[in-house]
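Trainee: Turn this into a structure:
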Amino acid sequence: MNLVIDYMGEKSTLNPSLVRRQGLDAERVEQLKMSHIVLRHLRAQMSAIVAAGQVGPGGGPALLPQAGGDAPAPGALVGVYRPDVARLRELAELVDQMEFCQQELWGFDSDPHFHDWTRVPGCTCTKDANNPYRRANAGILDYPRQVEGDCPIHGGADGWMPSGRPLPEGPFWVVGGEYRVADWEEIIPATIEVHGPYAAREEALATWRGLMGAKFELNQWRYRVIGRAAASLPDAGRPALEAPGAACGEI
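Mentor: Modelled structure (predicted):
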């Protein structure tokens, strides 16, 4: 099986030992790879907000140079920095929900203690002290999170955090593109498309049907619906578009 994730100029690999230990088949591996693409897509949107220093509802300048100095590098937390905090938090919550999806795909319990909540662009909270895997190795799971007061996402008087609870359904994304060969294991990075999020599976399925219908004559193209309970959703091999449940498992 191809375990490489190649998207937005970044390559990584799923843990082969964990894949074997969890008994994942090729389709589940591909769903996990697509889930990582969604995470990179979300984090890229957050990076764009941070780099631009977008002005939030309060108005005012986004980035100011230090007195007598040059303009700060994009994303530098100096002067007055007012990103769109509400949007950053929306995206951070979507990242958290996708981590629940990944736990499900790996065959793990849904446990927010293993979510790396500081690994989002814009977060300035300490990374090492909040690393969930270091905490787990030390036998400390239910721990108080160490939040920096000036963190644009988690700081401030309200002390915002992701909900830490998986939604009953969704959110869903439709992810796909052109594959190099018809074994559906190596997608061409430049062709990758990410659509969503969709709150309901029927919305995601409607997009999936439209994309598959547009590419039906192109045998190397494939899309998947990614979200919690993703295993019950179509992987978009070559199903009958009018009845995806019959071709791809119960919807």
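Trainee: ranges for the strands of the stretch 101-250 of the chain?
Mentor: With strands called from DSSP state E, counting those that start in this stretch, the stretch 101-250 of the chain shows them at 172-178, 193-198, 221-227.
Trainee: now the residue nearest to residue 192 when sequence neighbours are not counted: how far from residue 214?
Mentor: Leaving aside its sequence neighbours, residue 192 sits nearest to residue 177 (C-beta to C-beta, 6 or more residues apart in numbering; 4.3 Å). From N, CA and C alone the C-beta is placed, and that goes for glycine too. Taking C-beta to C-beta, to the nearest Å as the criterion, residue 177 is separated from residue 214 by 13 Å.
Trainee: ok, these two, which is more surrounded?
Mentor: residue 177 (20 against 10; other C-beta atoms under 10 Å).
Trainee: can you pull up the bridge partners for the more buried one?
Mentor: residue 222 (DSSP bridges).
Trainee: In contact with it: list those residues for me.
Mentor: Listed by C-beta atoms under 8 Å, 6 or more residues apart in numbering, the contact set of residue 177 reads 187, 188, 191, 192, 193, 221, 222.
Trainee: Can you add neighbour count, distance to residue 5 and pLDDT and give those residues back as TSV?
Mentor: Output for the contacts of residue 177, formatted as TSV (neighbours: other C-beta atoms under 10 Å; distance: C-beta to C-beta, whole Å; pLDDT from 0 to 100):
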residue	neighbour count	distance to residue 5	pLDDT
187	26	9	93
188	13	13	94
191	12	15	95
192	18	10	96
193	14	15	97
221	20	19	91
222	22	16	92
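Trainee: Closest one of these to residue 151?
Mentor: Each of these was scored against residue 151 by C-beta to C-beta, and residue 192 proved nearest at 30.8 Å.
Trainee: Verify the stated contact: that closest one with residue 176.
Mentor: Yes. If you go by C-beta atoms under 8 Å, residue 192 and residue 176 touch, sitting 7.5 Å apart.
Trainee: Next, give phi and psi for residue 6.
Mentor: Main-chain torsions, residue 6, degrees, to the nearest 10: phi -130, psi 110.
Trainee: Also residue 31?
Mentor: phi -60, psi -40.
Trainee: can you tell me the helix or strand for residue 17?
Mentor: Here residue 17, judged by DSSP states H and E, is contained in helix 16-22.
Trainee: Could I get the buried residue list for that helix?
Mentor: If you call a residue buried by 16 or more other C-beta atoms under 10 Å, then helix 16-22 has these buried ones: residue 19.
Trainee: same thing with stretch 103-115?
Mentor: Buried residues in stretch 103-115, counted by 16+ other C-beta under 10 Å: 103, 104, 105, 106, 112, 114, 115.
Trainee: Tell me the spacing between residue 32 and residue 156.
Mentor: 34 Å.
Trainee: Could you check which of those two is surrounded by more residues?
Mentor: A side-by-side neighbour count of residue 32 and residue 156, using other C-beta under 10 Å, places residue 32 first with 22 against 13.
Trainee: which residue is nearest the centroid of this protein?
Mentor: Taking C-alpha atoms, centre = their mean, the centroid of the chain lies closest to residue 39, which sits 2.0 Å from it.
Trainee: how deep is the residue lying closest to it once chain neighbours are set aside tucked in, by neighbour count?
Mentor: Counting by C-beta to C-beta, 6+ apart, residue 98 is the residue found nearest to residue 39 once chain neighbours are left out, at 5.5 Å. Look at residue 98: counted by other C-beta under 10 Å, it has 23 neighbours.
Trainee: give me the element residue 98 is part of.
Mentor: helix 85-106.
Trainee: wait, which of the contacts of residue 177 is closest to residue 15?
Mentor: residue 187 (19.6 Å).
Trainee: Does that closest one touch residue 178 like I think?
Mentor: Yes. If you go by C-beta under 8 Å, residue 187 and residue 178 touch, sitting 7.0 Å apart.
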